[in-house]
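Undergrad: Provided below for reference: sequence and predicted model.
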Amino acid sequence: MTGARISALRLDGVTRSFGGHQALRGLDLEIAGGEFVALLGPSGCGKSTALNCLAGLLPLTGGQILLDGERIDRLAPERRGFGMVFQNYALFPHMTVRNNVGFGLKMAKVPKAEAAERVNKALDMVQLTAHAHKRPGQLSGGQQQRVAIARAIVLEPRLVLMDEPLSNLDAALRLEMRAEIRRLHQRLGLTTVYVTHDQEEALSLADRLVVLRDGRTQQIGTPEEVYSRPANRYVASFMGYRTLLDATVTGTRGPHVVVDIAGSPLVGLDRDGVAAGGRVTAAIRPEDLDAVSGDEPDGTSGTPGLPATVEVVEYHGRELAVQARLTDGRRVHFRTGKRLAPDDAVRLVAPPDRVLVFAAEDGDGQPGDRGDGPSHGPGAEGGPSAPEAGEPDSHHPRNPAAAPADQDAAGPAHKPREARDTPRQVAT
């Protein structure tokens, strides 16, 4: 089973507004055929809005979407040939697994023999052949999501859209389904756009990540690029840099800078071209901070480390997750294999290349004063912010090929707020 292979999907300046609020602002993205791209960010960043624009559930306010050079953003959803997997499964409760999977083929009037063969292959791929006679209420959450995935891939779509499909599952099932989705993508090579707020999920599944904030693109890159070289403070904070310390640059050492934190020096990698006197933020992952004792300076940076007092210790098996407080009251997070307890005094050190130093941001999220040096940076806006209230909840678009026709049997409708301005329905 293989879908119609596409060459490229391109989003040019895709914009979507709701009243005076811009939920998506000039998104530019090109996706190659067979690529798995994850749209990543917190609630309100614009990722589900982008997915619904792709699906045709939302008209664009500006920009265009082209598939193999043909403009498709003006096509009705059912004419785009896409498959969609929703967060809450959207299965017909009164139909068997087999009938749920085959419903889209029935609506497309695919010959019965061909439809039966395709349904059998799809059920085999998601390992549900033995459950084909059951109804959704007799399945676990993970099995229901597999039905939803089978229903999407049986259509052999040109593009598969997945809107946070694992967020309703428990931790163990999420891991299992994550591996299942990756296995299916490797086997089928379907071009996939996947929406998630879970960075670990995105890192493990995607070929490329698109990190969004307030409807704007912050960084596009491979999982390794985004994880190891975040473009700005916002991306760093979202990708696991839990310790973010405002500081002032006191000196430079080639590609590194020395910053003052609570009266102690810390050496980090300059990411924004800062200079002496510049206001910056030092970002450090918990696994890159190490607790040391004694009076010897850190061998990698030649600095004495940051004095801190342990506050909270969490047991995580082979290591401890620790929250400590610096002498100026700011909190830091680190992981260690050492036995520590609350109120223990420690010094915290980190390899200079693992401490990322970004120019401090102004209130609008733009890089601020870099000191006396040149004013240049990665070009992306950044910085953690609270999710805006403007992006609607879009986890259950109405879809006759994927949602129960008998709404009374399925429960109340959950039509997304962002879909209210378009009466069209998608039939995949």
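TA: Nice, thanks for sending it over.
Undergrad: Mind listing residues that contact the lengthiest helix in the chain?
TA: The residue-count maximum for a helix in the chain (DSSP state H) belongs to helix 171-188. With Cβ atoms under 8 Å, 6 or more residues apart in numbering as the test, helix 171-188 has contacts from 1-3, 36, 125-126, 140-142, 145-146, 149, 153, 162, 165-166, 169, 190, 192, 201, 204-205. For the C-beta atoms, the positions are set from N, CA and C on the backbone; glycine is no exception.
Undergrad: Please pick the buried ones from those.
TA: The neighbour-count criterion (16 or more other Cβ atoms under 10 Å) marks 3, 36, 125-126, 142, 145-146, 149, 153, 162, 165-166, 169, 190, 192, 201, 205 among the contacts of helix 171-188 as buried.
Undergrad: How about Leu326: what's its closest non-neighbour residue?
TA: Ala262 (4.6 Å; Cβ to Cβ, 6 or more residues apart in numbering).
Undergrad: Tell me who's in contact with that neighbour.
TA: Leu306, Pro307, Leu326, Thr327, Asp328, Arg330.
Undergrad: Swap in 6 Å and give it another go.
TA: By Cβ atoms under 6 Å, 6 or more residues apart in numbering, the residues touching Ala262 are Leu326, Thr327, Asp328.
Undergrad: Export those as JSON lines, with columns for neighbour count, pLDDT and distance to Ala360.
TA: As requested, the contacts of Ala262 are exported to JSON lines (neighbours: other Cβ atoms under 10 Å; pLDDT from 0 to 100; distance: Cβ to Cβ, whole Å):
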{"residue": "Leu326", "neighbour count": "19", "pLDDT": "97", "distance to Ala360": "18"}
{"residue": "Thr327", "neighbour count": "13", "pLDDT": "95", "distance to Ala360": "21"}
{"residue": "Asp328", "neighbour count": "10", "pLDDT": "95", "distance to Ala360": "17"}
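Undergrad: In JSON lines, list these along with secondary structure and distance to Arg25.
TA: Formatted as JSON lines, these follow (DSSP: H, G, I helix; E, B strand; the rest coil; distance: Cβ to Cβ, whole Å):
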{"residue": "Leu326", "secondary structure": "strand", "distance to Arg25": "37"}
{"residue": "Thr327", "secondary structure": "coil", "distance to Arg25": "42"}
{"residue": "Asp328", "secondary structure": "coil", "distance to Arg25": "37"}
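Undergrad: wait, which of those is closest to Arg118?
TA: Leu326 (60.5 Å; Cβ to Cβ).
Undergrad: I'd say the closest one and Ala308 touch.
TA: Yes. Using Cβ atoms under 6 Å, Leu326 is in contact with Ala308, at 5.2 Å.
Undergrad: ok, Val160 - contacts?
TA: Gly83, Ala152, Leu190, Thr192.
Undergrad: which stretches of the stretch 201-350 of the chain form strands?
TA: Secondary structure of the stretch 201-350 of the chain (DSSP state E, counting those that start in this stretch): strands at 208-213, 216-221, 243-253, 256-261, 264-270, 279-284, 290-292, 306-315, 320-326, 331-336, 345-349.
Undergrad: Adding distance to Pro157, write those out as a markdown table.
TA: As requested, those are exported to a markdown table (distance: least, Cβ to Cβ, whole Å):
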| stretch | distance to Pro157 |
| --- | --- |
| strand 208-213 | 20 |
| strand 216-221 | 24 |
| strand 243-253 | 41 |
| strand 256-261 | 49 |
| strand 264-270 | 43 |
| strand 279-284 | 39 |
| strand 290-292 | 48 |
| strand 306-315 | 44 |
| strand 320-326 | 42 |
| strand 331-336 | 42 |
| strand 345-349 | 50 |
